[in-house]
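Q: no sequence on this one, just coordinates:
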């Protein structure tokens, strides 16, 4: 089992920044590719960004490219999402996820989510 706990969400004005953290415990963190997803009210959960097990490869949704950066620290068992130039459309609950194997594959574990609210 892997437990994922997100933190860092909150209320921010449009144009501002937030950094989300996802701390993992349980099995070896570096064995898992990791991802961030989000779900806005009344909408489906959508992919935001992902990172390979080593951190050498990253992937982002078109809607956040150039504004959000995913990175990880395997020594700290933590994956981060740095969010800059936030917009009201970024308002959502953000979830951390651990992939069973590689990015894009089956997700084995989800965090409980952290709320991000961007005021315009």
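A: Looks like it came in fine. Fair warning: this is a prediction, and the values are worked out from it, not measured in the lab.
Q: Give the buried residues for stretch 110-120.
A: By neighbour count on 16 or more other CB atoms under 10 Å, the buried set for stretch 110-120 is 110, 111, 113, 114, 116, 118. For glycine as for every other residue, the C-beta is placed from the backbone atoms N, C-alpha and C.
Q: now, the most widely separated pair of those residues?
A: Farthest-apart pair in these is 110 and 118; separation 22.6 Å (CB to CB).
Q: picking that back up, so which of the buried residues of stretch 110-120 sit within strands?
A: Using DSSP state E, 110, 114, 116, 118 are the members of the buried residues of stretch 110-120 that sit in strands.
Q: Which strand residues bridge the last one?
A: Applying DSSP bridges to residue 118 gives these bridge partners: residue 12.
Q: one step back: in JSON lines, list the ones in strands among the buried residues of stretch 110-120 along with distance to residue 85 and pLDDT.
A: Supplementary listing: those in JSON lines, determined by distance: CB to CB, whole Å; pLDDT from 0 to 100:
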{"residue": "110", "distance to residue 85": "27", "pLDDT": "97"}
{"residue": "114", "distance to residue 85": "19", "pLDDT": "98"}
{"residue": "116", "distance to residue 85": "13", "pLDDT": "98"}
{"residue": "118", "distance to residue 85": "10", "pLDDT": "98"}
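Q: okay, the residues you listed in TSV with distance to residue 28 next?
A: Listed next are those as TSV, based on distance: CB to CB, whole Å:
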residue	distance to residue 28
110	18
114	24
116	29
118	35
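Q: out of those, who's nearest residue 80?
A: In terms of CB to CB, no member of those lies closer to residue 80 than residue 114, at 12.3 Å.
Q: Quick check: bridge partners of the spatially most central residue of the chain?
A: Ranked by distance to the mean C-alpha position of the chain (CA atoms, centre = their mean), the top residue is residue 36 at 2.6 Å. Legend: beta-bridge partners of residue 36 under DSSP bridges are residue 49, residue 96.
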